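Q: When you get a sec, could you give me coordinates for this:
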Amino acid sequence: MVKPRPYNFSAGPAAIPEEVLQQAADEMLDWHGSGMSVMEMSHRGPQFESIIAQAEADLRELLQIPDDYAVLFMQGGAIAENAIIPLNLSRGAKADYVVTGSWSQKSQLEARKYCDVHLSASAHDDQGYGSIPDNAAWSIRPDAQYLHVCTNETIDGVEFHFVPDSHGVPLVADMSSHLLSRRIDVSRYACIYGGAQKNIGPAGLTLVIIRRDLLGHALPHCPSAFDYAVVAANHSMFNTPPTYAIYIAGLVLQWIKRQRFEGLSGLAAVESRNIAKAHLLYDALDASELYETRVARDCRSRMNVPFHLRDTALNAAFLQGAEGAGLLQLKGHKSVGGMRASIYNAMPLEGVRALVDYLKDFEKRHG
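A: Down below sits the predicted model:
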């Protein structure tokens with residue numbers, strides 16, 4: 001009898017759908033009769049060219065990306081993009097940032113190396129981050145080259161459930177930890193970027209979706225491999241792209257297209273299931289006297305659910321018991337402590353039910 005896999009609540013690199021892993025394993029030594037693993041293919045050969053073309057086509061279909069947007073497959077993760085964005089978009093002038101958590105804080109600090117950064121709004125208080133400032137109160141400079149937001153804060157569990165009004169300033173969004181977890185209107189953003197290792201595939205791949213009229217303005221000292229215009233002109237092959245990560249991402253995109261939930265299909269089904277998972281977990285936490293959440297209800301993340309035990313002396317026992325129950329990587333980020341359950345696309349509803357059952361059982365025994 002095959003032992004069931006445990007449920008992996010890692011914030012990233014995160015769980016990948018099991019059927020995708022199985023398909024990758026089946027194709028490891030010989031991709032579609034080519035006699036090669038994808039790891040061994042030339043990125044200039046027809047086999048890989050078909051893989052990357054299909055991945056882009058599927059991404060465009062799922063997100064309904066307009067033709068006047070380029071799709072770039074890059075490397076370096078969102079942390080590298082914190083520098084690449086101002087190198088390409090700031091023109092060495094002004095850029096505005098909204099800080100709603102640890103990642104947007106890192107973004108604005110990095111950007112200061114390349115341009116004049118202004119904080120349009122910050123959600124930091126004595127408790128850390130747990131809200132989004134009223135959009136109407138943001139201080140946005142009309143001559144800023146762009147306004148940057150992080151629409152889902154992986155560490156702090158804060159998610160935008162609205163598209164910010166940027167008052168005509170190009171809107172740039174780090175969507176690393178919820179891209180492809182929900183439907184979005186790409187046309188309302190000037191640039192969207194994110195690391196793939198949450199909902200899309202393995203670490204090593206970064207996606208950038210950018211309006212084409214913003215290409216061609218990189219600062220003179222921007223490395224060629226990070227110049228969006230160069231990358232776009234070379235169809236993401238100016239340098240060797242992360243070929244295997246792109247291949248896995250392509251399989252995940254096809255998996256998303258196959259999803260069905262409550263009469264919905266594709267990304268709509270994924271979004272509906274993610275909403276159901278989040279409601280199930282938050283309802284259990286809200287009903288508890290042992291656990292607490294510290295994020296305002298109107299901006300709770302569907303993807304990353306941080307929570308705390310009111311008695312921190314129970315933390316070690318909680319984590320030990322969770323691992324014994326097949327619930328892995330629930331420890332919170334070191335900067336905020338507590339616990340965190342990341343319930344990305346690949347986390348089935350059954351996994352969240354198993355976590356809720358454990359939460360209730362642990363509270364009965366220790367509450």
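Q: helix or strand for Ala322, which one?
A: With elements delineated by DSSP states H and E, Ala322 resides in helix 315-324, which encompasses its position.
Q: How many residues are close by Asn234?
A: Neighbour count for Asn234, taken as other Cβ atoms under 10 Å: 14. In this view, the C-beta of every residue, glycine as well, is placed from N, C-alpha and C.
Q: wait, what's in contact with the closest residue to Ala93 other than its chain neighbours?
A: Take Ala93 and drop its neighbours on the chain: the residue closest to it by Cβ to Cβ, 6 or more residues apart in numbering is Gln145, 5.6 Å away. Contacts of Gln145 were listed using Cβ atoms under 8 Å, 6 or more residues apart in numbering, and they are Leu89, Ser90, Arg91, Ala93, Lys94, Ala95, Cys115, Val169, Pro170.
Q: Pull up the gap between Gln145 and Ile192, please.
A: If you measure Gln145 against Ile192 using Cβ to Cβ, to the nearest Å, the figure is 17 Å.
Q: Then Leu327?
A: Leu327 is 32 Å from Ile192, by Cβ to Cβ.
Q: neighbour count winner among these two?
A: For Leu327 versus Ile192, neighbours defined as other Cβ under 10 Å are more numerous around Ile192 (24 against 21).
Q: Return the backbone torsion pair for the more buried one.
A: Its backbone dihedrals place Ile192 at phi -120, psi 140, with angles given as degrees, to the nearest 10.
Q: Would you mind listing the outside residues contacting the helix holding Ala322?
A: Taking contacts as Cβ under 8 Å, 6+ apart, the residues outside helix 315-324 that touch it are Leu309, Leu328, Leu330, Lys331, Gly338, Met339, Leu355, Tyr358, Phe362, His366.
Q: show me what contacts the residue lying closest to Asp116 once chain neighbours are set aside?
A: Nearest non-adjacent residue to Asp116, counting by Cβ to Cβ, 6+ apart: Lys94, 4.8 Å away. Residues counted as contacts of Lys94 (Cβ under 8 Å, 6+ apart) are Cys115, Asp116, His118, Arg141, Asp143, Ala144, Gln145.
Q: looking at this, the fifth one is in a helix?
A: Read that as Asp143. No: the assignment for Asp143, made by DSSP: H, G, I helix; E, B strand; the rest coil, is coil rather than a helix.
Q: where does it fall, phi/psi-wise?
A: Per degrees, to the nearest 10, the residue geometry at Asp143, taken as phi and psi, is phi -100, psi 10.
Q: number of nearby residues for it?
A: By other Cβ under 10 Å, the burial measure for Asp143, its neighbour count, is 8.
Q: tell me the pLDDT at it?
A: On pLDDT, Asp143 comes in at 98.
Q: Please apply the same query to the second one.
A: pLDDT, Asp116: 98.
Q: Quick check: phi and psi at it.
A: Torsion angles, degrees, to the nearest 10, at Asp116: phi -80, psi 110.
Q: ok, it - contacts?
A: Residues touching Asp116, when contacts are defined by Cβ under 8 Å, 6+ apart, comprise Ala93, Lys94, Ala95.
Q: Help me confirm that the last one comes into contact with Ala111.
A: Yes: contact criterion Cβ atoms under 8 Å: Ala95 and Ala111 qualify, at 5.8 Å.
Q: can you list residues touching both of those two?
A: With Cβ under 8 Å, 6+ apart applied, the overlap between the contact sets of Ala95 and Ala111 consists of Pro86, Val117, His148.
Q: can you list the domains in the protein?
A: As assigned by automatic domain parsing, the chain contains the domains 22-256, 261-366.
Q: For Ala137, which non-adjacent residue is spatially closest?
A: With Cβ to Cβ, 6+ apart as the criterion, Ala137 has its nearest non-adjacent residue at 6.8 Å, and that residue is Ala121.
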